[in-house]
Structure formats: structure tokens, C-alpha cells
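**Q** Let me see the structure of the following:
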Amino acid sequence: MLSPHEIATLMLVRHSPEQIDMNRGELHTLLERRLIALEQRGGGHRRLSLTTTGRQLLEAVGRLDPTLPEANEANGFGRLAVNL
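**A** This is a model prediction of the structure:
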């Protein structure tokens with residue numbers, strides 16, 4: 001199970017990978033679970049990207065309907081923005 005910080009970091013990788021601090025603790029977990037990948041760019045630069053699994057996870061989270069009681073109670077993310 002991912003923490004709220006890890007889910008937020010996953011969303012940042014999707015929308016603003018160039019703005020992420022590469023020292024964020026959540027990156028290790030996301031890399032370990034193969035939700036993100038580290039791409040080597042020219043000039044020694046590195047860039048984060050979502051893997052297929054990471055993209056699918058965000059799509060699944062985006063399908064949660066915060067108006068359903070079971071979504072709110074089951075995972076605690078009922079108020080998470082659904083438009084990722």
C-alpha cells in the first residue's frame with residue numbers, strides 16, 4: 001500500500017518530472033515497486049517517468065468516486081482529486 005506522500009510523488013512524476021527533487025524519500029519506494037523509472041539523458045541528466053504500472057495505478061485512483069461511502073472508508077483517499 002502506498003502512502004499519501006508516495007501517491008502525491010507519483011502524480012508529480014506524471015505532471016512535472018523535471019521539478020522533482022531527486023532526493024525525495026518516496027522515490028526509492030516508487031522505483032522499488034516499479035511504478036516509476038529513471039531515464040538517463042544526454043549530458044548526465046536524469047529524468048523520472050511513469051512506468052505502465054504507475055500509469056495504471058494513477059488511472060485506477062482517478063476512477064474512485066469520492067461520493068461513495070465505501071471509497072471513503074476503505075482507503076482513506078476519498079477526498080483525493082479524481083482528475084489526475
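**Q** Next up, the contacts around the spatially most central residue of the chain.
**A** Note on the chain: the residue nearest the mean C-alpha position is residue 10, at 1.7 Å, using CA atoms, centre = their mean. Counting by CB atoms under 8 Å, 6 or more residues apart in numbering, residue 10 touches 2, 30, 35-36, 50, 54, 57-58. Using the backbone N, CA and C atoms, a C-beta is placed for each residue, glycine as well.
**Q** Neighbour-wise, give me the winner out of the residues you listed.
**A** Counting neighbours by other CB atoms under 10 Å, residue 36 leads these with 25 neighbours.
**Q** Could you double-check that it lies in contact with residue 52?
**A** No. Between residue 36 and residue 52 there is no contact under CB atoms under 8 Å: 11.1 Å.
**Q** ok, back up a step: how far does the helix or strand encompassing the residue nearest to the centre of the chain sit from its chain's centre?
**A** In this assignment (DSSP states H and E), residue 10 forms part of helix 4-15. Helix 4-15 has its average C-alpha position 3 Å from the chain's average C-alpha position, going by CA atoms, centre = their mean, to the nearest Å.
**Q** Mind listing what's buried along the very next helix or strand once past that helix?
**A** Moving toward the C-terminus from helix 4-15, the next helix or strand (DSSP H and E) is helix 26-32. Buried residues in helix 26-32, counted by 16 or more other CB atoms under 10 Å: 26-27, 29-30.
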